[in-house]
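Undergrad: build me a model from this:
(one chain, ligands or ions: 2)
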Amino acid sequence: KVPAYQKAVVFEQNGGPLIYKDIPVPTPKSNELLVNIKYSGVCHSDLHAWKGDWPMATKVPLVGGHEGAGIVVGMGDQVKNWQIGDHVGVKWINSTCQTCEYCTNCLEPNCELVELSGYTHDGSFQQYATISSTHASKFPKSADLAQCAPVLCAGLTVYKALKRNNLKPGDWIAISGAAGGLGSMAIQYAIAMGYRVLAIDSGADKKIFCEKLGAEVFVDFASSKNFIQEVKSLTNGGPHGVLNVSVSEKAISQSVQYVRTAGTVVLAGLPPNSHVHTPVFEAVMKNVKIIASYFGNMSDMNEAVDFFARGLIKCPIKIVGLSELSKVYEMFQNGKVMGRYVLDTSR
Ligand code: 8ID
Ligand code: ZN
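TA: Ligands and ions are numbered 1, 2, ... in the order given. Next comes the predicted model:
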């Protein structure tokens, strides 16, 4: 029933053609699951991987993708706790050593021997993918697999980043990059966690989109006459927390300016070649906390899935075929993506 060949999108070199073609179905190692990927979200990180614009090499040729939702169809002989037919997610963390200082302290994304789906290990832009059974995440069978996909990276990343903001219910959170994949999920997680959302992005369509998802106010970073002041006055002195999920160096520096005194700025977006610019005097006098947040651990994943499974998070997705991946990358580069594009691997 598992075929020998399958459809995949492969690139041979960073920035090279995205080739939709037949490749062999991988064989799971002793600790791995073989997952029949039904849907895969497309994250801006996949675009970074294809372009090769981060200071970290990808494998080549590479099958990208790290938001793969599907069904367990095979497994190695050491796998425990998984059944054929389980609904499963292939996420960014594909495997780790499970013995180092970071793995044993719930910081497994920081493991030095980590393998990353769609980066150093072929990912979810194919019909059959492998992942270590430890890092695969289980979804309830009642949940729609296309909706599950964005929870695996966008959902988990923003949920963990919001936890790092350490806010109280009723506090203001500013989400910079709010209309994108991570941002649209962040609006909903923030509301579910009891925060008031100020969304920052640009354009009338994105404003309506963010408000529909529950943002209380929207600030257009491109057309606002006095951007910093507007954010501060709408939140009565500045947001208590900021979540940066834009792909913009400037947005990150501005967030340190408008954050409330004693507030927290969390960095999650990964614009290439960027630095945080902030006047030290102001940052110190304001007691600002600047924190970076990379993905999340297994327990964060289970919590993020739980919010979703309880119906608190509706993934705003648009479904296109796996063969259309390059069109999604074009939309990312033109700033045209709202919410998440999800690929149907059957076409
Ligand atoms: O673990 C992590 N930290 C992690 C996990 C997953 C993804 C980090 N990321 C990174 C991605 O690699 C990428 O750099 O988060 C970033 C956002 O990913 P995404 O949400 O998948 O990208 P998107 O859908 O393109 O959304 C980006 C949004 O930012 C807005 C855009 O309009 C878009 O809606 N934006 C930009 I570009 N400049 C802005 C600015 N100056 C801005 N919004 C506000 N102010
Ligand atoms: Zn991602």
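
Undergrad: ok, whichever residue of the stretch 201-347 of the chain sits closest to ligand 2 - contacts?
TA: Using Cβ to the ion, the closest approach of the stretch 201-347 of the chain to ligand 2 is made by residue 295 at 8.2 Å. For every residue, glycine as well, the C-beta is placed using N, CA and C. Listed by Cβ atoms under 8 Å, 6 or more residues apart in numbering, the contact partners of residue 295 are 92, 93, 109, 153, 156, 157, 160.

Undergrad: now do the same for the residue lying closest to the third one once chain neighbours are set aside: its pLDDT.
TA: In this case it means residue 109. Nearest residue to residue 109, sequence neighbours excluded (Cβ to Cβ, 6 or more residues apart in numbering): residue 295, at 4.4 Å. As predicted, residue 295 sits at a pLDDT of 98.

Undergrad: related to what we said a few turns ago, tell me the SS of the residue of the stretch 201-347 of the chain closest to ligand 2?
TA: Three-state assignment for residue 295 (DSSP: H, G, I helix; E, B strand; the rest coil): coil.

Undergrad: backbone phi and psi for the residue nearest to the spatial centre of the chain, please?
TA: Residue closest to the average C-alpha location in the chain (Cα atoms, centre = their mean): residue 154, at 2.6 Å. Dihedral angles of residue 154 (phi, psi; degrees, to the nearest 10) stand at phi -60, psi -50.

Undergrad: hang on, it packs against residue 67?
TA: Yes: between residue 154 and residue 67 there is a contact at 7.2 Å, judged by Cβ atoms under 8 Å.

Undergrad: okay, and the common contacts of the two?
TA: Contacts common to residue 154 and residue 67, judged by Cβ under 8 Å, 6+ apart, are 41, 43, 340.

Undergrad: do I have it right that residue 274 meets residue 252?
TA: Yes: between residue 274 and residue 252 there is a contact under Cβ under 8 Å: 7.0 Å.

Undergrad: who has more neighbours out of these two?
TA: Between residue 274 and residue 252, counted using other Cβ atoms under 10 Å, the more crowded position is residue 252 (23 against 16).

Undergrad: residues contacting the more buried one?
TA: By Cβ under 8 Å, 6+ apart, the neighbours of residue 252 are 176, 244, 246, 265, 267, 269, 271, 274, 276.

Undergrad: so it, which of the three states?
TA: Strictly by three-state DSSP, residue 252 counts as helix.

Undergrad: again with residue 313
TA: coil.

Undergrad: give me every residue that touches the closest residue to ligand 1 within the stretch 101-250 of the chain.
TA: Ligand 1 sits closest to residue 180 of the stretch 101-250 of the chain, with a gap of 1.9 Å, by Cβ to the nearest ligand atom. By Cβ under 8 Å, 6+ apart, the contact list for residue 180 reads 44, 201, 245, 246, 337, 338, 339.

Undergrad: isn't the second one up against residue 182?
TA: Right, the one you point to is residue 201. No: Residue 201 is beyond contact range of residue 182, at 11.6 Å (criterion: Cβ under 8 Å).

Undergrad: next, count neighbours for residue 97.
TA: Residue 97: 14 neighbours (other Cβ under 10 Å).

Undergrad: once you drop chain neighbours, what's closest to it?
TA: Closest residue to residue 97 apart from its sequence neighbours, by Cβ to Cβ, 6+ apart: residue 113 at 4.2 Å.
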